[in-house]
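A.B. asks: Give the three-dimensional model of this entry:
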Amino acid sequence: MSARMGKRPGEAMWTGFAWVLLLGVNHARANLDCSDQALGLSSDIIATIGNGSATIENSLGNYFWCKDRGFEMCVSDTLDRSGELVAMSHGVCLPSPLSRAESIVWCSLFNTTANVSKIQSLGIMRNLRAAAQAKDLPFQWHCGDSVTTAVHWLPGTWVMIGLIIFFALLGATSQTVEVWRRRPALKGDGEAAPLINDRRSNPTQATQPFGSWDGSVGTLKQRIMLLSGGDEIDTISSEQWMELSQWLRGISTSRARGDALPFGRRLLKAFCPSDGFNSLFTTSKNPPPLAGLDGLRAFSMLWIILANTTLLVQVVGTDDQNAELHTVESLPQQFTLGASLAVDTFFFLSGLLTTFTLLRNMRKYRQDSFPAFWFILMRLVRLTPLYAFLLFTYTYVVPHVASGPVWYRMERDTALCRSTWWSNLLYVNNFYPETFHSTCMSWTWYLANDMQFFVLGLLLLKINLKSVRLGVVLCMLISIAGVVVGWVLLVKHRGSTQDDYYDKPYTRVTPFTIGVLLGILLVDYQIINAKMTTRTAQGLMLASLASIITVVYVDYLNFAHHPKNDRGDFTDEQNAAYQAGGRLVFALAISCVTWLCVTGHGGPVKTFLSLAIWEPLGKLTYGAYLIHPIITRIYYYQKVQLFHFDPIEQAMYFVAVTVITYATAALLHIMVELPFANLNKIIFPHPNSKRNNRHLRTDSS
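C.D. replies: Numbering: from 1, shown residues only. Predicted coordinates:
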């Protein structure tokens, strides 16, 4: 480099000029035109800086070398045509930026024609720029990665840190009080009372000596012997012991819930971690009426995590500029790419649970109306606390947890929430902001749709209570309308499906209304009691599974032959038919699988989906959906090198993110989600508390 500079002093001078200029441009946060033209930096600058900059076209350079010297890491990204995925990245280590005033001056000088022509004549990053221009790809440039500049600590940051500490102290206090409350009963003193009471006339007094009794017969015998002074009681038969233990178990559970506690103690007990832990990991002893739903919910969540851990790699950048093409052309990866259908499973389950639970109770108690506004309010109160807690933690705390050459993307994403958080909490973020990538926590478009579908579902149930036939017809018409509208928008806006199709309720409503329709058929048409031969059930199951597999993998035909464009071999009409019609076929197939499992004809599929492990995972689905993109982004955005994408690394990322996601979701479930659900029951008791419709499930996600 020095020899070349000695022979060409003019080039060295302009190289230094462009070097300083580029820093000024980015420090002043000038517009993209200025920074885009600044990409005339030559490879000579890279050599001037030394080991801190990348020496190959697709690399982030030596981040730690740059950081140790107090320099600033700048990254140039060549994007794909969608402007969402990174095709190539290049890291350049530059000295600390100039002042804002100096930067503006340099940027102004740079925009003159003479300076542009001279700097561009140096051939800066010639290969990168040429590749981008040849393919008409967008280019972006960013300097600053928290090496020399820190993210500002806003008041919201301190508020959220204080709130996290408050929840931790509240849980510890509640647990301490609960242990203290149970202590005398555990020792067997202080609460001793005669056991021989009339359990029908005074059941609470009869069970006072049992404190936190675990419900086992052995423990029951020990307690009775303790109270009776050690007298022999073996004359009671095992059947009598079992009957007595089952009766006492219900009363003990009621006492453990704290139903008889003062109001203030009940509020505090709502945050007891041990109660939350027991609730999370206690599985139902009796099979639920809708078998296999926890398995469907948990499996779909794992599918979504697999897709997001894979696709976000390409948003960050890989060392193979053709990684995106290799992914869509890979047959095994079609399962990963088809994960948007997993969200359709959530919509289907939401419609089914809302309809089946409420409608069954309405028919059971011969009711012809229900408090729809109350159900909507309770759903908001049930879902919003955890949502808001994570939203503001993501906005104000997460930007401070790491740094790196591409950490600016985390700062950019979280900054969006400071201005648009309200649209999330009003569940309208699928409409505002208008562009998907301008929304706060972009993955929460699902929650907005689900809340809107919930309102639609209650309206359909109101109609169904008046006329079952009309309710069925409306569900069918809305399902078909969703397909038709989706097809029209996909043909018209194939290049911008994320904003015009993907997150809109009128294009994603089909699985939800099919779930509502199945719920109506199960209750009002009693297909839950349907009988069929084993051969018929097996045929329906195989046909359903084959339909699911076909919808997931048929898109392989679209990209199997190295297309000349990024949209595959399908025409606009064919692609629209696949996307819109495929969702209808998938939802119908899932509904058939569910029906077979519910009626007891699911065979091995029902056995798999009804495994006990799915129940706690199903309870954590809501938290896992909210938290897994945050965890993924934290890990990905703090990396100092590009990803090397292959199946082994993909599996490692998936397993790591999944384990951390569910561990974090469990903690949030115990410390935030479940306590607020308990507060909801304490503060807002159902107006018709004697009616079973108060048990309407709103956490179908």
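A.B. asks: In contact with the nearest residue to T444 once chain neighbours are set aside, which residues?
C.D. replies: For T444, ignoring the flanking residues on the chain, the nearest one in space by C-beta to C-beta, 6 or more residues apart in numbering is N424 at 5.9 Å. C-betas here are computed from N, CA, C, even on glycine. Shown in contact with N424 (C-beta atoms under 8 Å, 6 or more residues apart in numbering): Y387, L391, C417, T439, C440, M441, T444, L447, A448.
A.B. asks: Doesn't the second one lie inside a strand?
C.D. replies: This means L391. No - counting by DSSP: H, G, I helix; E, B strand; the rest coil, L391 is not part of a strand but helix.
A.B. asks: Pretty sure it sits against L447.
C.D. replies: No - between L391 and L447 there is no contact under C-beta atoms under 8 Å: 10.5 Å.
A.B. asks: that older thread, please determine how far the residue nearest to T444 is located from A291.
C.D. replies: According to C-beta to C-beta, to the nearest Å, N424 stands 34 Å off from A291.
A.B. asks: I'd like the average pLDDT over stretch 153-166.
C.D. replies: Averaging pLDDT along stretch 153-166 yields 91.
A.B. asks: of the contacts of N424, closest to Q175?
C.D. replies: Checking the contacts of N424 against Q175 by C-beta to C-beta gives Y387 as the nearest, at 25.1 Å.
A.B. asks: OK, contacts around the closest one?
C.D. replies: With C-beta under 8 Å, 6+ apart, Y387 has these contacts: N424, L425, T444, L447, L626.
A.B. asks: Return the set of buried residues in the helix or strand containing S174.
C.D. replies: Per DSSP states H and E: S174 is located in helix 155-187. Neighbour counts using 16 or more other C-beta atoms under 10 Å place G156, T157, M160, F167, L170, G171, S174, Q175, E178, A185 of helix 155-187 among the buried residues.
A.B. asks: for the closest residue to A402 other than its chain neighbours, what are its contacts?
C.D. replies: Nearest non-adjacent residue to A402, counting by C-beta to C-beta, 6+ apart: Q638, 3.8 Å away. When contacts are counted by C-beta under 8 Å, 6+ apart, Q638 touches A402, S403, G404, W407.
A.B. asks: Using the three-state scheme, assign the second one.
C.D. replies: Read it as S403. On the basis of three-state DSSP, S403 is classed as coil.
A.B. asks: okay, now it: neighbour count?
C.D. replies: Look at S403: counted by other C-beta atoms under 10 Å, it has 22 neighbours.
A.B. asks: Which positions in stretch 531-542 come out as buried?
C.D. replies: A537, L540, M541.
A.B. asks: what about the residue nearest to the last one when sequence neighbours are not counted, how many neighbours?
C.D. replies: Setting aside the residues directly before and after it, M541 is nearest to L596 in space (C-beta to C-beta, 6+ apart), at 5.6 Å. Per other C-beta under 10 Å, the neighbour tally for L596 reads 24.
A.B. asks: so which strand or helix has L596?
C.D. replies: In the assignment (DSSP H and E), L596 maps to helix 582-598.
A.B. asks: Can you identify the element that follows that helix toward the C-terminus?
C.D. replies: Helix 582-598 is succeeded, C-terminally, by helix 603-609 (DSSP H and E).
A.B. asks: Can you list the neighbours in contact with the helix or strand just after that next one?
C.D. replies: Counting by DSSP H and E, the element after helix 603-609 in chain order, helix or strand, is helix 614-619. Contacts of helix 614-619 with the rest of the structure, by C-beta under 8 Å, 6+ apart, involve 280-281, 283-284, 293-295, 297-299, 301, 662, 669.
A.B. asks: Now the next helix or strand after helix 614-619: average pLDDT?
C.D. replies: As assigned by DSSP H and E, the chain's next helix or strand after helix 614-619 is helix 621-637. On average, the pLDDT along helix 621-637 is 95.
A.B. asks: Kindly report the same for stretch 275-287.
C.D. replies: Mean predicted lDDT for stretch 275-287 stands at 85.
A.B. asks: If you count neighbours, what's buried in it?
C.D. replies: D275, G276, L280.
A.B. asks: Could you do stretch 542-549 as well?
C.D. replies: For stretch 542-549, by 16+ other C-beta under 10 Å, it's S544, S547, I548.
A.B. asks: And C597, how close does it get to Q498?
C.D. replies: For C597, the distance to Q498 - C-beta to C-beta - is 34 Å.
A.B. asks: More neighbours: the two, which one.
C.D. replies: Applying other C-beta under 10 Å to C597 and Q498 shows that C597 carries more neighbours, namely 24 against 16.
A.B. asks: Contacts only, for that one.
C.D. replies: So C597 contacts A291, G292, V605, K606, L609, S610 (C-beta under 8 Å, 6+ apart).
A.B. asks: Got the phi and psi for the second one?
C.D. replies: G292 adopts backbone torsions of phi 90, psi 0, taken as degrees, to the nearest 10.
A.B. asks: and what of the last one?
C.D. replies: Summarising the backbone geometry of S610 under the convention degrees, to the nearest 10, its torsions are phi -100, psi 10.
A.B. asks: so which of the buried residues of stretch 275-287 comes closest to F373?
C.D. replies: Once C-beta to C-beta is applied, the member of those that ends up nearest F373 is G276, at 29.3 Å.
A.B. asks: I figured the closest one hits F676, correct?
C.D. replies: No - using C-beta under 8 Å, G276 is not in contact with F676, being 11.1 Å away.
A.B. asks: gap between V605 and V313?
C.D. replies: Plainly put, V605 is 32 Å away from V313 if you go by C-beta to C-beta.
A.B. asks: what separates V179 from L596, distance-wise?
C.D. replies: Using C-beta to C-beta, V179 is found at 47 Å from L596.
A.B. asks: same deal with Y578?
C.D. replies: Computed as C-beta to C-beta, the Y578 to L596 distance reads 26 Å.
A.B. asks: can you check V428 too?
C.D. replies: Separation of V428 from L596 (C-beta to C-beta): 37 Å.
A.B. asks: How about L170?
C.D. replies: Distance from L170 to L596, by C-beta to C-beta: 45 Å.
A.B. asks: same deal with I634?
C.D. replies: Distance of I634 to L596, given as C-beta to C-beta: 41 Å.
A.B. asks: How about V159?
C.D. replies: From V159 to L596 the distance is 50 Å (C-beta to C-beta).
A.B. asks: for F676, same thing?
C.D. replies: In terms of C-beta to C-beta, F676 sits 36 Å off from L596.
A.B. asks: Provide a list of residues in contact with M532.
C.D. replies: Applying C-beta under 8 Å, 6+ apart, we find M532 in contact with L540, T599, H601.
A.B. asks: can we see that at 7 Å?
C.D. replies: By C-beta atoms under 7 Å, 6 or more residues apart in numbering, the contact set of M532 is H601.
A.B. asks: In a strand, it, correct?
C.D. replies: No - assigned with three-state DSSP, M532 falls outside any strand and is coil.
A.B. asks: Report whether V92 is found in a strand, as I expect.
C.D. replies: Yes - the assignment for V92 is a strand, going by three-state DSSP.
A.B. asks: which residues of the stretch 451-600 of the chain fall in helices?
C.D. replies: Secondary structure of the stretch 451-600 of the chain (DSSP state H, counting those that start in this stretch): helices at 468-492, 497, 505-524, 534-553, 556-559, 572-576, 582-598.
A.B. asks: between the ones you listed, which one is nearest to L267?
C.D. replies: Going by C-beta to C-beta, the one of the helices of the stretch 451-600 of the chain nearest L267 is helix 505-524, 34.9 Å.
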